[in-house]
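A.B. asks: here is a sequence with its predicted model. Questions after.
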Amino acid sequence: MSNLNQEINRIITGIGDKVKYTRLMKSSSSLSDRYRDKDSEEKNYEIRNEEDALSYMVWRMPQTAMVTEELLLRLSEEDPDFYPRSVLDIGGGTGSSILPLISIYPETQITILEEQNVMLGALKIFRENINVSEEINTVRQSLQDYNEKKEYDLVLSSYMINELTDDEIRKAADKIYSLTGKYFIASVPGTPLFFRKLEKLKILLMEKGMEITAPCIGTHPCHLKSDDWCHFYRRVERSSLLRRLKDGELSYEDEKFSYVIMRKKSQGENHVESHEDTQNDEIIRETGNENTSEARIIRHPLQGKGYVDMELCLEDRTEKMRLSRSKTEDFKNVKKLKWGDKVTLKRK
């Protein structure tokens, strides 16, 4: 178990003691609808009171926090020199982004934008249970009503876009673009419906000039067919409380999510896309060679005797590739590659 996962489990177990066990059990069905129901956009999921907000925290903070950590680490891999001094978390709710942010970017200034007062009340309880010196500001407003005339180095939106209608997504794109100084990260539950919502936001931001940093290779609409969707997973270790609540025998769960990391180009910056032929490529471990290109693993690699089958997202298409022991450099390390990893291809 990671240190962050362990710390969050410790905190929410203590907070869970403040809520009746029957109330926590009751919240499970509504939360399941919120993240998986095909009709979720037509339902009202307003958190009504402090007990609702604390229940939401107990059920969802570990998953949201660990996905946020995953995406911050991916951003750090893409741009190791980037260090945000200011972060805006849109719909930041109970503060699930705080610990991942300060574990990777200590001393960053965090602003939580949240319109529901009861969620901010739960956030206050959460902050009383953590020991951080970083400056954390809270603003009780909706994204549309937030008229701060500044740009944040990093803007986050965790599991918020999935709750918006198409019209609200269009309005959110305008706000997100104006508030983003350099990078924007959005995540949604990894279902087809919510992936399509994220894709709509991505395209709107592309039209404004933002570039995709991850998971796509290059800036373009998704290559996948309409009946498929791009998603990944993060393994989350369950606390003993969550195991009881979910009546689960496993000590973990795999949180499925879709995401996008986008970069706002500086003024006057141009981007030239290349669409080089990647047929007959092989995976290598080195970068910086002009005869290489990149790809993302978008499904679990399947290992057979002396080979690995991978489904890859390239700049201009998706492609299935079989890598054999006899024809692949560094095959031992290739076998260690995981769903979601970025790989380098060498053209033969």
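C.D. replies: Received it, and whenever you're ready, just let me know what you need.

A.B. asks: right, and the helix or strand after the longest helix seen in the chain?
C.D. replies: Identified as the longest helix of the chain according to DSSP state H is helix 50-78. With elements assigned by DSSP states H and E, the helix or strand that comes after helix 50-78 is strand 86-90.

A.B. asks: tell me what angle that next one forms with helix 50-78.
C.D. replies: Going by axes from the mean of the first three to the mean of the last three Cα atoms, to 10 degrees, strand 86-90 is angled at 130 degrees with respect to helix 50-78.

A.B. asks: who touches strand 86-90?
C.D. replies: Counting contacts by Cβ atoms under 8 Å, 6 or more residues apart in numbering, the residues outside strand 86-90 that touch it are 97, 101, 105, 108-113, 143, 150, 152-158, 160, 176, 179, 181. The way it works is simple: take the backbone N, C-alpha and C, and place the C-beta from them, glycine included.

A.B. asks: mind doing that once more with 6 Å?
C.D. replies: With Cβ atoms under 6 Å, 6 or more residues apart in numbering as the test, strand 86-90 has contacts from 97, 101, 108-113, 143, 152-157, 179.

A.B. asks: out of those, which one sits closest to Ser251?
C.D. replies: Ser97 (24.7 Å; Cβ to Cβ).

A.B. asks: burial of that closest one, as a residue count?
C.D. replies: 23 (other Cβ atoms under 10 Å).

A.B. asks: the residue lying closest to it once chain neighbours are set aside bridge partners, please.
C.D. replies: Spatial nearest neighbour of Ser97, excluding adjacent residues (Cβ to Cβ, 6 or more residues apart in numbering): Asp89 at 4.7 Å. Taking DSSP bridges as the rule, Asp89 bridges to Ile112, Leu156.

A.B. asks: just the buried residues of the contacts of strand 86-90.
C.D. replies: The neighbour count (16 or more other Cβ atoms under 10 Å) marks 97, 101, 108, 110-113, 143, 152-157, 179 as buried among those.

A.B. asks: residues contacting Glu70?
C.D. replies: By Cβ under 6 Å, 6+ apart, the contact set of Glu70 is Arg234.

A.B. asks: before we move on, the earlier item: show me which pair in the contacts of strand 86-90 is furthest apart.
C.D. replies: Among those, Thr108 and Leu143 lie farthest apart (Cβ to Cβ), at 20.4 Å.

A.B. asks: still on that earlier bit, check which residues of the longest helix of the chain are buried.
C.D. replies: 50-72, 74-75.

A.B. asks: could you look up the SS state of Glu115?
C.D. replies: coil (DSSP: H, G, I helix; E, B strand; the rest coil).

A.B. asks: hey, where'd the helices end up in the stretch 201-348 of the chain?
C.D. replies: 240-245, 331-334 (DSSP state H, counting those that start in this stretch).

A.B. asks: gap between the first one and the chain center?
C.D. replies: Helix 240-245 has its average C-alpha position 24 Å from the chain's average C-alpha position, going by Cα atoms, centre = their mean, to the nearest Å.

A.B. asks: what does it contact?
C.D. replies: Here helix 240-245 makes contact (Cβ under 6 Å, 6+ apart) with Thr13, Gly16, Leu24.

A.B. asks: rerun that using 8 Å as the cut-off
C.D. replies: So helix 240-245 is contacted by 9, 12-13, 16, 24-25, 28, 58-59, 62, 248-251 (Cβ under 8 Å, 6+ apart).

A.B. asks: so which of those is the most crowded?
C.D. replies: Of the contacts of helix 240-245, with other Cβ under 10 Å as the count, Val58 tops at 26 neighbours.

A.B. asks: shouldn't it be in contact with Ile15?
C.D. replies: Yes. When contacts are counted by Cβ atoms under 8 Å, Val58 is listed as touching Ile15 (6.4 Å).

A.B. asks: what sits against the closest residue to Leu54 other than its chain neighbours?
C.D. replies: Once flanking residues are discounted, Leu54 sits nearest to Val19: 4.9 Å by Cβ to Cβ, 6+ apart. Val19 sits next to Glu51, Leu54, Ser55, Val58 when contact means Cβ under 8 Å, 6+ apart.

A.B. asks: and Val19, which of the three is it?
C.D. replies: Assigned state for Val19: coil (three-state reduction, three-state DSSP).

A.B. asks: now it: phi and psi?
C.D. replies: The phi/psi pair for Val19 (degrees, to the nearest 10) reads phi -120, psi 140.

A.B. asks: chain center to the helix or strand containing Asn137: distance?
C.D. replies: When elements are assigned from DSSP H and E, Asn137 belongs to strand 136-139. Averaging C-alpha positions (Cα atoms, centre = their mean) puts strand 136-139 21 Å from its chain's average.

A.B. asks: could you give the mean pLDDT of stretch 182-199?
C.D. replies: For stretch 182-199, the mean pLDDT works out to 96.
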